[in-house]
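Q: model this:
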Amino acid sequence: MLVASLGVFAQAKKPTLMVMPSDAWCNEHGYMQTYDNQGSIEKVPDYKAAVSTDKQLNAVISKINNLMADRGFPLKDLQQTLKAVNTDAAEDALITSKGGSSVTESPLDRLRRRAKPDIIMELDWTVNKMGPKSSVTYNLRALDAYSNKQIAGSEGTGKGSFSAELPVLLEEAVQDHMDEFCQRLQAHFDDMMQNGREVSLIMKVFNNGSGLDFEKEYGDEELNEVIDNWLSDNCVNHRFNKSDGTETTIVYDQVRIPLYKENGQAMDTYAFARNLARFFKAAPYNIPIKTVNKGLGKCELIFGEK
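A: Residues are numbered from 1 along each chain as shown. The predicted structure follows:
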């Protein structure tokens, strides 16, 4: 029985991780870029420049990757994922609705959607000099990649060492806290397995003169009520929250979607939103819906046309 139990535990699903430098580290070392967010200029970390030029960063990410791999956690590599993002960005630039609406997505959202990790591990560190000895002060945060909520954290300063190798100093600093940190990651993933992944959905209507809005009635129910009922039937444990609702816009957050489809493939926000769009495309509603990615954990569904 003990052997069987150990076998089941070893086969338990673990969350997929991606390690990346924190915003503070990128800003301090000059790895930032700007992008146009619908007319508003915003600054975001330039991960491509960082991994292309900073050897210490790559060594640190590799060390954390190895520590997590030793504990059985699957990983998405930041540098390899970035190579695929440029192609996605070029394709997104060509996507518009027939009414002219374009896809707006930050570089970070694009990176997360391409990699689709369950958890982002953000790392910041500083090397301290104490005479001939060196130590590392670190801050490691684990964020749910879909909701951006922090689920675990670890920080501290390692003991002084005569070693000048940054990866060695970092390992010495984090190793005493890593098992507890991993337990929190696994607990969060186990909760998602049971209660679903938390995402957001935004519903809008195209202003195309059709007269469609969320108060239009179908039988005894308004369109917004039909949407509520569909979400109740398809969310894990019927869990979702309508944080705002008007006749032209509805915002849902804390929408709990399954981690996996019936065929065993991973379920993401876009796939879940497409299921809703297919439902309303059919009779008696016959409503076309434009489904737009707004990042890994958010989708916008625009009713009325594609």
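Q: surely Ile227 touches Met203?
A: Yes: contact between Ile227 and Met203 holds when scored by CB atoms under 8 Å: they sit 6.6 Å apart. (Glycine included, C-beta is placed from N, CA and C.)
Q: list residues touching both of those two?
A: When contacts are counted by CB atoms under 8 Å, 6 or more residues apart in numbering, Ile227 and Met203 are jointly contacted by Phe214, Ile250.
Q: quick check: bridge partners of Ile202?
A: Residues in a beta bridge with Ile202, per DSSP bridges, are Val251, Glu300.
Q: and the helix ranked longest in the chain, what does it pack against?
A: Longest among the helix segments of the chain by residue count, using DSSP state H, is helix 166-195. Under the contact criterion of 3 or more CB pairs under 8 Å, 6 or more residues apart in numbering; DSSP states H and E, helix 166-195 touches helix 55-70, strand 119-130, strand 133-144, strand 150-157.
Q: below-threshold pLDDT in the stretch 1-150 of the chain: ranges please.
A: Within the stretch 1-150 of the chain, the segments meeting pLDDT under 70 span 1-12, 37-38, 86-105.
Q: OK, contacts around Glu172?
A: Counting by CB under 8 Å, 6+ apart, Glu172 has contacts Val136, Gly158, Lys159, Ser161.
Q: equivalent analysis for Ser232, please.
A: For Ser232, the set of contacting residues under the criterion of CB under 8 Å, 6+ apart consists of His238, Phe240.
Q: also the one 4 residues further on?
A: Under the criterion of CB under 8 Å, 6+ apart, the neighbours of Val236 are Asn195, Gly196, Arg256, Ile257, Pro258.
Q: go through the helices and strands packed on helix 166-195 and name the closest to Val85.
A: With CB to CB as the criterion, Val85 lies closest to strand 119-130 of those, at 15.0 Å.
Q: on that earlier part again, which parts of the longest helix of the chain are buried?
A: 166-174, 178, 181-182, 185-186, 188-189, 192-193 (16 or more other CB atoms under 10 Å).
Q: now do stretch 245-256
A: Those buried within stretch 245-256 under the rule 16+ other CB under 10 Å are Ile250, Tyr252, Asp253, Val255, Arg256.
Q: what's the closest non-adjacent residue to the second one?
A: Translated: Tyr252. The shortest distance from Tyr252 to any non-neighbouring residue, by CB to CB, 6 or more residues apart in numbering, is to Leu201 (4.4 Å).
Q: number of residues surrounding that neighbour?
A: Other residues lying near Leu201 total 25 when counted by other CB atoms under 10 Å.
Q: is it true that it touches Leu301?
A: Yes: with contact defined as CB under 8 Å, Leu201 and Leu301 form a contacting pair (6.6 Å).
Q: quick check: neighbours shared by the two?
A: Contact criterion CB under 8 Å, 6+ apart; residues bridging Leu201 and Leu301 by contacting each: Ala273, Leu276.
Q: what's near enough to touch the residue nearest to Tyr252?
A: Leu201 makes contacts with Val251, Tyr252, Val255, Thr269, Ala273, Leu276, Lys298, Cys299, Glu300, Leu301, as judged by CB under 8 Å, 6+ apart.
Q: and the fourth one, how far from Ala84?
A: Okay, so that is Thr269. 19 Å (CB to CB, to the nearest Å).
Q: the two - which one has more neighbours?
A: Taking neighbours as other CB under 10 Å, Thr269 and Ala84 compare with Thr269 leading, 23 against 12.
Q: can you tell me how far that one sits from Ala24?
A: Taking CB to CB as the measure, Thr269 and Ala24 are separated by 28 Å.
Q: residue contacts, His29?
A: Ala50, Asp54.
Q: now swap in the one 4 residues further on and tell me
A: The contact partners of Gln33, taken as CB under 8 Å, 6+ apart, are Lys43, Val44, Pro45, Asp46, Ala49, Pro107.
Q: Thr249 too?
A: The neighbours of Thr249, taking CB under 8 Å, 6+ apart as the test, are Ile202, Met203, Lys204.
Q: what do you get if the cut-off is 6 Å, keeping everything else the same?
A: Applying CB atoms under 6 Å, 6 or more residues apart in numbering, one finds that Thr249 lies in contact with Lys204.
Q: with the one 10 residues further on instead?
A: Listed by CB under 6 Å, 6+ apart, the contact partners of Leu259 are Met192, Arg197.
Q: which residues of the stretch 201-306 of the chain score low on pLDDT?
A: Confidence mapping of the stretch 201-306 of the chain against pLDDT under 70 gives the ranges 209.
Q: please redo it, this time with the cut-off set to 80
A: Under the criterion pLDDT under 80, the flagged ranges of the stretch 201-306 of the chain are 208-210.
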